[in-house]
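K.L.:
predicted model, plus sequence, below.
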Amino acid sequence: MREEREVAGARPGVKLPPGLEQAFLVAAGELGLCSAAWLFVREVAEELGEPGVEGLRDELGRAFPVLEAVAGAWLGGARAPDTSPEGVLGVCGGAERVVFVGLESAFLDVLVPRLEGVELALVQHSPFTVDWKRVLANYGGRVEAVDLDSFQGWSGPRSALVTFAYGTQGFSTHVQPAWLRVTGEDVRTQFRSLVAWDVLRTPMYVYPRWLVEVPGTSFTHLV
């Protein structure tokens, strides 16, 4: 954060580090959109305070709507995401296998240790470049890798599909595109639970690039 420049279009007098957009793309791939957004907002706030967060929102908000929403939440007084896993644990009670669709490290880091005795897998599919081996290494062998061709081998009456949602608007929410790739009509009958964990908890006010809109009713549980 030490090398800085004044950003065209940002608030007067605010200087942000160069290469932020590329850096955020990398972080979003390795951490997830919401987890990366909170990391960037905290770092900028530590260095530049509220004007810096406003500048970050001005510069990258339209390209990354989740970052724009997180910056807005921080400016509204929030200082950390709500990573409490209790809601997800409640609806996954009794599951023997859980397959995660999408990546949000700040949330998985809290959830995974609480799913004792449950087999866990992560679908390797993302709109970003991801080093999946490095991502999975963070979980010490607790989470296996599956792909779009093999994840259905984890289905069954005690299996759940869990994805990450980004705010609710009326009867709909937004999820990562991979969710549409895994939830055909046949899959809906193969897994006991289809769970969406709302990690954003606030509306997005710009076009939700990187995400797709789905009805909240398409999930057995939206927590």
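P.N.:
Sure thing, it's come through.
K.L.:
make it CA atoms for all contacts and neighbour counts henceforth
P.N.:
OK.
K.L.:
and the next element down the chain from the biggest helix by length in the chain?
P.N.:
Longest among the helix segments of the chain by residue count, using DSSP state H, is helix 33-60. Downstream of helix 33-60, the first helix or strand assigned by DSSP states H and E is helix 65-75.
K.L.:
residues touching that following helix, excluding its own?
P.N.:
33-34, 37-38, 41, 50, 53-54, 56-57, 60-62, 80, 166, 200, 202-209 (CA atoms under 8 Å, 6 or more residues apart in numbering).
K.L.:
now it against helix 33-60, angle please.
P.N.:
Orientation check (axes from the mean of the first three to the mean of the last three CA atoms, to 10 degrees): helix 65-75 against helix 33-60 gives 90 degrees.
K.L.:
tell me which other helices or strands the following helix or strand past helix 65-75 touches.
P.N.:
For helix 65-75, the following helix or strand on the C-terminal side (DSSP H and E) is helix 86-91. With contacts defined as 3 or more CA pairs under 8 Å, 6 or more residues apart in numbering; DSSP states H and E, the packing partners of helix 86-91 are strand 191-198.
K.L.:
angle of the longest strand anywhere in the chain against helix 33-60?
P.N.:
Assignment by DSSP state E gives strand 156-169 as the longest strand of the chain. Angular relation of strand 156-169 and helix 33-60 on a 0 to 180 degree scale: 20 degrees, by the same axes, to 10 degrees.
K.L.:
ok, back up a step: what subset of the contacts of helix 65-75 is buried?
P.N.:
33-34, 37-38, 41, 50, 53-54, 56-57, 60-62, 166, 200, 202-204, 208 (16 or more other CA atoms under 10 Å).
K.L.:
how about low-confidence regions in the chain?
P.N.:
The chain contains residues with pLDDT under 70 at 1-13.
K.L.:
so which bits of the longest strand of the chain are buried?
P.N.:
For strand 156-169, by 16+ other CA under 10 Å, it's 156, 158, 159, 160, 161, 162, 163, 164, 165, 166, 167, 168.
K.L.:
run the chain-centre distance for the helix or strand that that strand is followed by.
P.N.:
The helix or strand immediately downstream of strand 156-169 is strand 172-175, counting by DSSP H and E. Chain-centre distance of strand 172-175: 12 Å, with CA atoms, centre = their mean, to the nearest Å.
K.L.:
quick check: buried residues in strand 172-175?
P.N.:
So strand 172-175, judged by 16+ other CA under 10 Å, has buried residues 173, 174, 175.
K.L.:
nearest to residue 128 among those residues?
P.N.:
residue 175 (14.6 Å; CA to CA).
K.L.:
got the buried residues of strand 156-169 as JSON lines, with distance to residue 45 columns?
P.N.:
What follows is these, written out as JSON lines (distance: CA to CA, whole Å):
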{"residue": "156", "distance to residue 45": "45"}
{"residue": "158", "distance to residue 45": "43"}
{"residue": "159", "distance to residue 45": "41"}
{"residue": "160", "distance to residue 45": "37"}
{"residue": "161", "distance to residue 45": "35"}
{"residue": "162", "distance to residue 45": "32"}
{"residue": "163", "distance to residue 45": "29"}
{"residue": "164", "distance to residue 45": "25"}
{"residue": "165", "distance to residue 45": "25"}
{"residue": "166", "distance to residue 45": "22"}
{"residue": "167", "distance to residue 45": "23"}
{"residue": "168", "distance to residue 45": "26"}
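K.L.:
closest to residue 21 among these?
P.N.:
Taking CA to CA as the measure, residue 21 lies nearest residue 166 of the buried residues of strand 156-169, at 20.3 Å.
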